[in-house]
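Trainee: Just to be clear, the model below is a prediction. Sequence and coordinates:
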Amino acid sequence: MSRRMLKHGLVPLVAIGLASSVMSTTTASAAGTPLTLAVFGDSPYGKSAYAPAGQSADISQFQKTPAFISTINSDPTISDAIHVGDIHSGKEFCTDAYDASIASVWRNFSRPLVYTPGDNEWADCHKASSLASPGQGGGFYDSSSGAINYIGTSGLSTDTADCVSYHCGNPLDNLAKVRQDFFAQPGHTLGSGTLKVVSQATAYDPSHPGDAQYVENVRWAQHDIVFVTINVPGGSNNDSDPWYKVPNATQAQTDERDNRTAADVRWLDAAFAEARAQHAKGVVITAQADMWDLDGKTKDRLTNYEPIISEVAARTTRFGRPVLMLNGDSHLYRSDNPLSPTATCTGETDPATGGSVCAHDPDNNAWNEHPYYDVPNFHRIVVHGSTTPLEWLKLTVDPNANHPVTDTAYGPFSWQRMPQPQL
């Protein structure tokens, strides 16, 4: 999809086309009354033990997870929970056992849990830098031999049967494993209770039957709001880091990115078509990637998020009502509108710099990373994650409210950070 270059005059976008079909996902909820959700992500983070590197395990956040879940369960106002992706850190290996342990501990939720995958559990599983820096237990290209040195159980290895990570960190295989462990039943949420969601696996555009593989993409409607999740991994949309550090991205990697991005766009289109058909009061989009986060790199690293950002901007403009995006990935809490050149930003202090997270961007505005849009009816929250104390966001949706834009509210949405100092 080509960029909509609106640098001159910042003309609002006009969406083209409608979703081919709209399937209602309305739940049996008391429309007109507030709904409260718990949102969290990039958790639990830790480190895998790896003796050849002298690396000790850190499982402290995982051990705190049952108590963390209890803080959500004990809040009687919470109806649902959303995990915005990353179930482990970039220093933990991608293993079958670990994924199963997260699936198991999440059964402690007394409410329905909606989860969208993050980069660390699939797209980045290939990553490793050296024996001393084993990363996620994948491997790295050896230019002298043309082979991949994998992180093996006792050291570097070219034997794929000796890898510490699931299928040597192959991203496609690890995404398939995530789907098997967390999305085995399309339309069913995790945790407890019942939340009616529709999966792209069963409601795909019939013109694109390949979209049925994206079982992790779901949508639902509650309290006059349409919610939608899309699989968008952080870092670079699975493109700027060639798998295993080979000289150029493989065709498999490029096809994965292109096919998934196109499916994400079609799923967004279907969600907004439903929101218009139902005269919804707002839309909530959940994706793991902070698509505006430079992470110390140049803007070209973010280029492959542009098809999704442009579609969000176009559909939001056409919808004309409040749209809220939830993401994780960059770890520091932030409240802003990166689709507006004049919006303000507030966020927590970056421990690495001592300044606001907003200062990561020129003029304290993430709009500068994709400076093509002017969409005032959009807002974005980056959920705090990765560090202790563990924290969740309390998001309240009141279809009767019309809050002006502030640091903690917009339209029908208002939110509050919920750090857990004991954790």
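Mentor: All right, it came through fine.

Trainee: Spatially central residue for this protein, please.
Mentor: With distances taken as Cα atoms, centre = their mean, residue 288 lies nearest the centre of the chain, 1.1 Å away.

Trainee: Would you mind confirming that it makes contact with residue 115?
Mentor: No: the criterion here is Cβ atoms under 8 Å, and residue 288 misses it with residue 115 at 9.9 Å. C-betas here are computed from N, CA, C, even on glycine.

Trainee: Am I right that residue 311 falls within a strand?
Mentor: No: counting by DSSP: H, G, I helix; E, B strand; the rest coil, one finds residue 311 to be helix, located in no strand.

Trainee: quick one: it and residue 266 touch, right?
Mentor: No: using Cβ under 8 Å, residue 311 is not in contact with residue 266, being 9.2 Å away.

Trainee: Can you tell me the SS state at residue 302?
Mentor: helix.

Trainee: Any figure for the gap between it and residue 237?
Mentor: 8 Å (Cβ to Cβ, to the nearest Å).

Trainee: Give me the common contacts of those two.
Mentor: Residues touching both residue 302 and residue 237 (Cβ atoms under 8 Å, 6 or more residues apart in numbering): residue 291.

Trainee: if we can go back for a sec, tell me which element the closest residue in space to the residue nearest to the centre of the chain that isn't next to it in sequence falls in.
Mentor: With sequence-adjacent residues excluded and distances taken as Cβ to Cβ, 6 or more residues apart in numbering, residue 288 is closest to residue 85, at 2.9 Å. Following DSSP states H and E, one finds residue 85 outside all helices and strands.

Trainee: Next, residue 85: phi, psi?
Mentor: The phi and psi values for residue 85, taken as degrees, to the nearest 10, are phi 110, psi 160.

Trainee: for residue 389, what are its contacts?
Mentor: 419-423.

Trainee: ok, now residue 197?
Mentor: Per Cβ under 8 Å, 6+ apart, neighbours of residue 197: 25, 114, 187-189, 218-220.

Trainee: Which pLDDT value belongs to it?
Mentor: Here, the pLDDT recorded for residue 197 equals 98.

Trainee: helix/strand/coil for residue 45?
Mentor: Applying three-state DSSP: residue 45 is coil.

Trainee: Report pLDDT for the residue lying closest to it once chain neighbours are set aside.
Mentor: Spatially, and ignoring its direct neighbours in sequence, residue 45 is nearest to residue 89 (3.9 Å; Cβ to Cβ, 6+ apart). For residue 89, the model assigns a pLDDT of 98.

Trainee: Distance check, residue 89 against residue 250.
Mentor: 26 Å.

Trainee: Repeat that for residue 389.
Mentor: 41 Å.

Trainee: same deal with residue 274?
Mentor: Residue 274 is 36 Å from residue 250, by Cβ to Cβ.

Trainee: What of residue 386?
Mentor: Computed with Cβ to Cβ, the distance linking residue 386 and residue 250 is 29 Å.

Trainee: So which of the two has more stuff around it?
Mentor: residue 386 (19 against 12; other Cβ atoms under 10 Å).

Trainee: pretty sure the more buried one contacts residue 42?
Mentor: Yes: using Cβ under 8 Å, residue 386 is in contact with residue 42, at 4.5 Å.

Trainee: Tell me the residues that contact both of these two, please.
Mentor: Joint contacts of residue 386 and residue 42 (Cβ under 8 Å, 6+ apart) are 86, 331.

Trainee: which of the contacts of residue 389 count as buried?
Mentor: Neighbour-count burial within the contacts of residue 389 applies to 420, 423; the criterion is 16 or more other Cβ atoms under 10 Å.

Trainee: any shared contact partners between residue 288 and residue 115?
Mentor: With Cβ under 8 Å, 6+ apart as the test, residue 288 and residue 115 both reach residue 85.
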